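Enquirer: below are the sequence and a predicted model for it; my questions follow.
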Amino acid sequence: MDYKFSEIEKKWQKYWVENATYKVKEDSSKKKFYVLDMFPYPSGAGLHVGHPLGYIASDIFARYKRQQGFNVLHPMGYDSYGLPAEQYAIQTGQHPAVTTAKNIARYREQLDKIGFCFDWSREVRTCEPNYYKWTQWAFIKMFNSYYDNDANKALPIEELIAKFEKDGNTNVNAANNCTVKFSASDWKSYSEKEKEQILLAYRIAYLADTKVNFCPALGCVLANDEISEGVSVRGGYPVEQRVMRQWSLRVSAYAQRLLDGLDKIDWSDALKETQKNWIGRSEGAEMDFAVKGQDLKLKIFTTRCDTIHGVTFMVLAPESEYVAKVTTADQKAAVDDYLAQVKRRTERERISDRRVSGVFSGSYAINPITEKEIPIYISDYVLAGYGTGAIMAVPAHDSRDYAFAKHFNLPIIPLIEGADVSEESFDAKEGIMMNSGFLNGLTVKEALKTAKKYIKEKGIGEVKVNYRLRDAIFSRQRYWGEPFPVYYKDGMPHMLDESKLPLELPEVSDFKPTESGEPPLGHAENWCTPEGYPYELNTMPGFAGSSAYYLRYMDPTNDKALVSKEANQYWKSVDLYVGGTEHATGHLIYSRFWNKFLFDLGIVCEDEPFRKLINQGMIQGRSNFVYRIKDTNTFVSLGLKKDYDVTPIHVDVNIVNNDILDIEAFKAWRPEFETAEFILEDGKYVCGWAVEKMSKSMFNVVNPDDIVDKYGADTLRLYEMFLGPIEQSKPWDTKGIDGVNRFLKKFWGMFFTGDNFDVVKAEPTAEEQKSIHKLIKKVTGDVETFSYNTSIAAFMICANELTSLKCKNAEVLTKFVTVLAPFAPHICEELYHLLGNTGSVCDAQWPSYDEKFLVESSVKYPISFNGKVRFTLELPADMDKADVEKTALANDQTIKLLDGKPTKKVIVVPGKIVNIVF
RNA sequence: GCCCUGAUGGUGGAAUUGGUAGACACGCAGGACUUAAAAUCCUGUAAUCAUUGCGAUUGUACGGGUUCAAGUCCCGUUCGGGGCACCA
């Protein structure tokens, strides 16, 4: 009986839909398990064979957990706001909603073919009003909250107002960007607008003039994680610095909690490390340096307060507010000139061109410990946004300061014994201090401690922690995103009442910015409240909609809340999250922040959203090449190309089979190859190959639909998992797929004799038991550790064993079907029913294994001599050590190999190995 | 520059606490079936030498070390992938 995968797969996919097999409800009688995939942005190109990798991995786990009796939530949806649809709209006029809907339909069609156990009744789309209502709602909550550093959580803004009314802001310990200090009476004397302006500097969602990364090509501001090396991650367009009035989220207030939370979650070390780098905690001290002849103190931040005796100058960031104050009249022209020069440089130039530049301000500062005078410089190697925008420079022990000192001929004082600073600085935190007054003779570590204590005691400064993590800029000058629930009155932002949500995205006549340079929403008619107050023209960024979607899946149709208390209490958080590593510093930081904020408000019960996370590796493409002899239309086969001067040309992998080119298909592929001639080897044209990114331009894209058509979804699922460990990147090579396909055919064949379904009800033999229990043990262990590739090898081994045993035993085969079901659900569902079961194989209980079937009566001992294995000896498993040794030594081959030499030592590891040393 | 990862046959990969390196596949070669092809099945397949059989030597990026025994542990080096990067 042939394995007709196409019929089988269609049949059961239909059955699963009709029987709502994958619909899941909260059920307090069962333990829950939440398996989540990072939802896709539905791009126009559709899915290639790399996309489903993670989905298959999570699908197997979800099915496995279900078979173990868990109530499994395994939803899917679409991150459907985003730039590509909008760029396409600008080019073609096609509304992004139309493109997006079309792309979603295509994705869904492709996903459906693979047989996932998604509960589609819980689907979310970030661009739908009933979804983004809750994105807007969370934003309002953030606007109405501030971060209290003492309580270490977000609190209602009303509590802050109460504090201001009582004491002003002098004793308030809250995250802020407020530049004024005021008393209670000052507060009371302020106008409403002034009060609002101050509160804005404390809100978690705040509007401020911020130095932003603006990308002219995209017409849009970008967040830090959307830029890499001075260009936009999407598109690679240049980015420049601008000051713009933008919404931001005070993510930085959560820096420490985001860092601490990493210890509680089961993520890879690499990913945790990436997040740690991104958060960038550094512990140090803030110190005041007095400016000579002025009533002014400059605050600096340093992590090396042990090096204070080696400070020979100070540097201010060009943007520092102190610059104007310390610039003397004689230096004003030079400073202005430098500032202008800095302003002209783009971020990219600054990164790529690291010449030393700077200018003397004319003023001197006093080192608070040595009381020496040191010059104050201005240079763009000091960043305004980090620490205090001012540093104490220790050229002997900081390479950047060293370069600056050399360039401006400033003194360099070594502080560590034996450190040679004639050619470069000594940055390492090790050695014994010298030239350092009270720190002399201490190790660097001791000196750090002592110096901190000293600074605190003498009131010179305070111990402080700084973070690299910045607030997230939340405004985008784009159309295809969530509208802000904000209107403006008297120039100040106000939130819509929650009852007015969602504020729906309006239609616009043009997706480009307006003539006056306003964002596209400037084209919308009547984009204002019924009272006539204008709405915000920016929209939210891509990460807005993806920050809390995992919560919405718990209760997707609730119109009273983002998620009900009951649903949230039941599902709690995501137990297994599978997705790509490219979201390490974006989505995975923002959603943790967003979740912690909702946790502070008591809306969710867990403060970390994703308990375990697996990063699936990328599927790379395997490209094929043909070699054209230069200036001809003749192509030479791989093995012969060394004799010619050739140009390699990418050729569509779909017309190459096992690296042999289909010549006729190649001629038909493109008009210019129609008359191509070939130099063959053994009558064949052999192509070269390389592993590259899977992309259209390399002609190496493989579409899962084609694989499903040719081999079936179960084969595709199995093969993707068989390729190797999920976390690892690996090339896709369709030629290997025959192996798993053969396995499924063989597996199918095990249930038939001729065309008849043929299994027998009987007690399994010991050998059958051993084979199947070995399989159950292996697969159970492998699934728990996501080593699916080795599970599949185990299935193949078991199928081979049972075939050679001619096993037709119903009990054994049912167990096989049950453990294979998560991997290959269609074929297993069919066989499960043929075996006489009713209901879905999805609910077939995961079998347990019994060690008693696995015990071996004998062990094949490798007998090694000086570590080299010479032969094996089959001995009873329960033979004790001394007897094993005796038997091994008495063996003919041993005697021959020893050749009369005395043994020095004999090592016997029971059950494992014998090693004879002579 | 700093941090994290990884390197095993022609290819993808396996080896769970140090215990027969190369499981399972792909590919390749030979054979069976067939008029032929496809499909299927069987055998071989790390390298070198030997080959009538027995075998021997080398081998997990490279160089050292620990151990009866190292892909696995330790030290150093090279190369690939990822992250951070004038972050004081």
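Expert: Yep, it's here.
Enquirer: what does the stretch 301-450 of chain A have sitting close to RNA strand B?
Expert: A:301-304, A:317, A:350-351, A:354-357, A:380-383, A:385-387, A:389, A:391, A:398, A:400, A:403 (Cβ under 7 Å from any atom of the strand). C-beta: built from backbone N, CA, C; applies to glycine.
Enquirer: state the number of residues packed around the residue of the stretch 101-250 of chain A found nearest RNA strand B.
Expert: When Cβ to the nearest atom of the strand is the measure, the stretch 101-250 of chain A has its nearest residue to RNA strand B at A:Ser228, with 5.9 Å between them. Applying other Cβ atoms under 10 Å, we find 11 other residues in the vicinity of A:Ser228.
Enquirer: so it bridges to which residues?
Expert: Applying DSSP bridges to A:Ser228 gives these bridge partners: A:Val231.
Enquirer: and the closest residue to A:Gly586 other than its chain neighbours, what's its pLDDT?
Expert: When the adjacent residues along the chain are set aside, A:Gly586 lies closest to A:Asp225, with 4.1 Å between them (Cβ to Cβ, 6 or more residues apart in numbering). On the pLDDT scale, A:Asp225 is placed at 80.
Enquirer: ok, A:Asp225 touching A:Glu582?
Expert: No. Between A:Asp225 and A:Glu582 there is no contact under Cβ atoms under 8 Å: 9.9 Å.
Enquirer: okay, these two: which has more neighbours?
Expert: For A:Asp225 versus A:Glu582, the count of surrounding residues by other Cβ under 10 Å is larger for A:Asp225: 20 against 14.
Enquirer: that one belongs to a helix?
Expert: Yes. Counting by DSSP: H, G, I helix; E, B strand; the rest coil, A:Asp225 is found in a helix.
Enquirer: now the strands for the stretch 651-800 of chain A?
Expert: Assigned by DSSP state E, counting those that start in this stretch, the stretch 651-800 of chain A shows strands spanning A:656-657, A:660-661, A:677-679, A:688-692, A:730-731, A:752-753, A:756-757.
Enquirer: for RNA strand B, which of those is the nearest?
Expert: strand A:730-731 (3.4 Å).
Enquirer: just the residues contacting the closest one, thanks.
Expert: Counting by Cβ atoms under 8 Å, 6 or more residues apart in numbering, the neighbours of strand A:730-731 from elsewhere in the structure are A:617, A:619-622, A:691, A:723-724.
Enquirer: could you look up the SS state of whichever residue of the stretch 1-150 of chain A sits closest to RNA strand B?
Expert: Distances from the stretch 1-150 of chain A to RNA strand B, computed as Cβ to the nearest atom of the strand, single out A:Asp2 as the nearest residue at 9.0 Å. For A:Asp2, the assignment made with three-state DSSP gives coil.
Enquirer: how about it, what does it touch?
Expert: With contact set as Cβ under 8 Å, 6+ apart, A:Asp2 has no partners.
Enquirer: what's the helix or strand for the closest residue to A:Asp380 other than its chain neighbours?
Expert: Take A:Asp380 and drop its neighbours on the chain: the residue closest to it by Cβ to Cβ, 6+ apart is A:Val342, 4.9 Å away. Secondary-structure assignment from DSSP states H and E places A:Val342 in helix A:332-344.
Enquirer: cool, A:Val626 as well?
Expert: With secondary structure defined by DSSP H and E, A:Val626 is part of strand A:619-629.
Enquirer: off-centre distance for the helix or strand that that strand is followed by?
Expert: Following strand A:619-629 in sequence order, the next helix or strand is strand A:634-636 (DSSP H and E). Relative to the centre of its chain, strand A:634-636 is centred 44 Å away, using Cα atoms, centre = their mean, to the nearest Å.
Enquirer: strands paired with strand A:634-636, and their directions?
Expert: strand A:619-629 (antiparallel), strand A:677-679 (parallel).
Enquirer: then the first one to CSV, C-alphas only?
Expert: I take that to be strand A:619-629. In CSV, the C-alpha atoms belonging to strand A:619-629 read as follows (Å, rounded to 0.1, in the frame of the first residue of the first chain):
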residue,chain,number,x,y,z
ILE,A,619,18.5,28.3,7.6
GLN,A,620,21.0,29.4,5.1
GLY,A,621,20.8,29.0,1.4
ARG,A,622,22.9,26.6,-0.6
SER,A,623,23.6,28.4,-3.9
ASN,A,624,24.7,26.7,-7.1
PHE,A,625,27.0,28.2,-9.7
VAL,A,626,27.7,27.7,-13.3
TYR,A,627,31.0,28.9,-14.8
ARG,A,628,31.0,30.9,-18.0
ILE,A,629,34.2,31.2,-19.9
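Enquirer: tilt between it and strand A:688-692?
Expert: Here strand A:619-629 points in a direction 140 degrees away from that of strand A:688-692 (axes from the mean of the first three to the mean of the last three Cα atoms, to 10 degrees).
Enquirer: what residues of strand A:619-629 count as buried?
Expert: Applying a neighbour-count criterion of 16 or more other Cβ atoms under 10 Å, one finds A:619-629 buried in strand A:619-629.
Enquirer: now stretch A:597-611
Expert: Within stretch A:597-611, the residues that qualify as buried by neighbour count (16+ other Cβ under 10 Å) are A:597-601, A:603-604, A:606-611.
Enquirer: closest to RNA strand B among these?
Expert: Ranked by distance to RNA strand B (Cβ to the nearest atom of the strand), the buried residues of stretch A:597-611 are led by A:Phe610 at 18.2 Å.
Enquirer: re the thing from before, identify the residues contacting the residue nearest to A:Gly586.
Expert: Under the criterion of Cβ under 8 Å, 6+ apart, the contact partners of A:Asp225 comprise A:233, A:278, A:585-586, A:589.
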